[in-house]
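Student: Any chance you can model this:
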Amino acid sequence: MNEAHSKKEIEFSRLMNQHKGIIYKVVNSYCQYQDDRQDLAQDILTAMWLAIDKYNKEYKFSTWMYRIALNVAISFYRKDSKREDKPNLDNEQFIHIADLTVEEDKSQEIKQLYRFIGQLDKLNKAIMILYLESESYESIASNLGLSKTNVATRIGRIKATLAEQFKDQEH
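Tutor: Prediction:
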């Protein structure tokens, strides 16, 4: 392995570990089962590894990472589970690069929130993931190709729906 490749792996590992919460949020929102979460996390890591050389440092890394993670998640179920177009990369390499074992020790309310978000359509799910990450409406709109007003309206509706679901759950 040459020195440049090694530096790239070290930097990639540092960035993934620093921002792994983004991947946790996306995979927990888009996948109900542990195996699916691991597969999606692997796909996200692969996409990020392949795209890392194209990252423009003028932009916030977390925004770039969300864009890739959400795009991978949205297309995750569009393809057959036995995708042959997936790059043939060594999975162990990515496990070593960034330990992204999905966190299992969440409170019941957080688990319930993920379940409710998981029931949303793909676009609303992406909006809520970004919203919960404290992204601005403008940033969410830019990432998802929506107007700021549309984002605000959708978030208001989603919050009302989630509040109703929590209320129903209590009864």
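Student: pLDDT wise, what is the most centrally placed residue in the chain at?
Tutor: What sits nearest the mean C-alpha location of the chain, by Cα atoms, centre = their mean, is residue 26, with 2.8 Å. Residue 26 carries a pLDDT value of 86.
Student: Relative to the whole chain's centre, how far out is the host helix or strand of it?
Tutor: Using DSSP states H and E, residue 26 maps to helix 20-30. Distance of helix 20-30 from its chain centroid, counting by Cα atoms, centre = their mean, to the nearest Å, is 4 Å.
Student: do stretch 33-45 as well
Tutor: With Cα atoms, centre = their mean as the basis, stretch 33-45 stands 10 Å off its chain's centre.
Student: What's the first helix or strand after the helix holding residue 26?
Tutor: helix 34-51.
Student: What are the buried residues along that next one?
Tutor: The neighbour-count check on helix 34-51 (16 or more other Cβ atoms under 10 Å) flags 37-49 as buried. (Each C-beta comes from the backbone N, C-alpha and C, glycine too.)
Student: what's the answer for stretch 122-137, then?
Tutor: Burial within stretch 122-137, assessed by neighbour count using 16+ other Cβ under 10 Å, is assigned to 124-131, 133, 135, 137.
Student: Distance from the chain centre to it, please.
Tutor: 10 Å.
Student: Need the residues that contact that stretch.
Tutor: Contact with stretch 122-137 is made by 22, 25-26, 29-30, 62-63, 66, 70, 73-74, 117-118, 120, 139-140, 143-144, 148, 151-152, 154-155, 158, as judged by Cβ atoms under 8 Å, 6 or more residues apart in numbering.
Student: Give me the helices and strands touching the lengthiest helix in the chain, please.
Tutor: Of all segments of type helix in the chain, defined using DSSP state H, the longest is helix 148-170. Applying 3 or more Cβ pairs under 8 Å, 6 or more residues apart in numbering; DSSP states H and E, one finds that helix 148-170 makes contact with helix 108-118, helix 122-132, helix 137-144.
Student: so which of these gets nearest residue 8?
Tutor: Proximity of the helices and strands packed on helix 148-170 to residue 8 was assessed by Cβ to Cβ; the nearest stretch is helix 137-144, lying at 25.4 Å.
Student: Please export the C-alpha coordinates of the closest one as PDB.
Tutor: The C-alpha trace of helix 137-144 is given here as PDB (Å, rounded to 0.1, in the frame of the first residue of the first chain):
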ATOM      1  CA  TYR A 137     -34.800  24.600   6.400                       C
ATOM      2  CA  GLU A 138     -32.700  26.200   3.700                       C
ATOM      3  CA  SER A 139     -30.100  23.400   4.000                       C
ATOM      4  CA  ILE A 140     -32.700  20.700   3.900                       C
ATOM      5  CA  ALA A 141     -34.400  22.400   0.900                       C
ATOM      6  CA  SER A 142     -31.100  22.600  -0.900                       C
ATOM      7  CA  ASN A 143     -30.100  19.000  -0.200                       C
ATOM      8  CA  LEU A 144     -33.400  17.600  -1.300                       C
END
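Student: Fine by me, thanks again.
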